[in-house]
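Visitor: Task: produce atomic coordinates for the following.
(2 chains)
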Amino acid sequence: MGNPELQFLSHVSATTVVFYVLAALTVVTALGVALSRNILHSAFSLLGTLAGVAGLYFMLGADFVGVVQLIVYVGGILVLILFAVLLTREITDIRISNLSVSLLAGLPAALLTLALILQVGLRAPFPRATAAVAPTVHRIGDALLRDYLLPFEIASVVLLVALVGAMVIARRAVKEEAAASPENPEATK
Amino acid sequence: MTALILGAPAPGSGAASLLPSLAAIGLHHYLAVAAILFVLGLLTVATRRNAVAILMGVELILNAASLNFVAFSKYAHGGVSGQVFSIFIILLAAAEACVALAIVLAIFRSFKNVDVLKTTTLRQ
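Guide: Residues are numbered from 1 along each chain as shown, chains lettered A, B, ... in the order given. Predicted coordinates for the structure are as follows:
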């Protein structure tokens, strides 16, 4: 076994190193999302940010939330965003597809906001509790069907409404486009 | 052993010193990462001209809030309520992205671009 204190230190430093690697991945790719000139680079940077946040969830012992983050964000929302990027950008001016306005005013404002949040958040005395690292799926299922049953059901209705709404909005646009092109025989019917 | 290390309060930052140490990862480290994510999302939303890029900024902000929920759920609450909240956040982000991207596509079809400075009328 060796010296238990040394072993403890090595474990702590491994955790620390993994945390800083994940935090660096998250922050650097988020910088790419915020500042890249090319919208495709922004979209692919968002992949790194979402994956880094998923890794931070795993480090926090939230295995179910991490898996949900990977499946829903990386597998769903990011693909949706990439589709939107590819469908809407003008191919000719990809270099200027992602312009920013008044970045000179935005950067100092953002830095001031960050300083304010850190000043408040890092000094506030939060209560301390220790959560054991254990599989959380059971407890989350219990919480969803006991304490949070009404929000759970409302969430499913919200998903249904969003699905139908998105279909209606996108379908109207497709129909207008089909009606606008006269060579399409389907549009006259 | 892992549970002991991950769940233990940071040795360097006891009740006496509120400022966190750099080596022992605690609640404040996650809060700092979430704050940076939030500010970058805010910057993206405030300065981008492309509607899809603004949506990416919204996703950054939602991720920051969700990370805060999970961090507080581990270090300050101890239950799974924060994780349930973060699952609801992810769900609402999915619904929001779905509807917003449909709207962006509709805007692109009628305006031929997605620059939010140029789409100033409700109908053409």
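Visitor: can you pull the pLDDT of the closest residue in space to residue A:145 that isn't next to it in sequence?
Guide: Spatial nearest neighbour of residue A:145, excluding adjacent residues (CB to CB, 6 or more residues apart in numbering or on different chains): residue A:152 at 7.1 Å. All C-beta spots, glycine's among them, are computed from the backbone N, C-alpha and C. Confidence at residue A:152, expressed as pLDDT, is 93.
Visitor: Look at residue A:77 and say how many residues are nearby.
Guide: For residue A:77, the count of nearby residues is 23 (other CB atoms under 10 Å in any protein chain shown).
Visitor: Mind jotting down where the helices sit in chain A?
Guide: A:4-35, A:39-59, A:63-68, A:78-88, A:103-123, A:137-145, A:149-180 (DSSP state H).
Visitor: should've said chain B
Guide: B:2-7, B:27-47, B:51-72, B:81-111.
Visitor: show me the contacts for the residue nearest the centre of chain A.
Guide: By CA atoms, centre = their mean, the mean C-alpha position of chain A lies nearest to residue A:50, the distance being 4.6 Å. Contacts were defined as CB atoms under 8 Å, 6 or more residues apart in numbering or on different chains; by that measure residue A:50 touches A:69, A:70, A:73, A:74, A:78, B:59, B:63.
Visitor: and what of residue A:73?
Guide: Taking CB under 8 Å, 6+ apart as the definition of contact, the neighbours of residue A:73 are A:50, A:54, B:59, B:63, B:90, B:93.
Visitor: for these, which one is nearest residue B:112?
Guide: Here the nearest of the contacts of residue A:73 to residue B:112, counting by CB to CB, is residue B:59; it sits at 25.3 Å.
Visitor: Was I right to think that closest one contacts residue A:46?
Guide: Yes. Counting by CB atoms under 8 Å, residue B:59 does reach residue A:46; the two are 6.7 Å apart.
Visitor: So for the two, which sits in the more crowded spot?
Guide: Looking at residue B:59 and residue A:46 with other CB under 10 Å, you find the greater number of neighbours at residue A:46, namely 28 against 22.
Visitor: how close does that one get to chain B?
Guide: When CB to the nearest CB, to the nearest Å is the yardstick, residue A:46 and chain B sit 5 Å from each other.
Visitor: Tell me which residues touch that residue, please.
Guide: Under the contact definition (CB under 8 Å, 6+ apart), the residues listed for residue A:46 are A:29, A:33, A:78, A:81, B:56, B:59, B:60.
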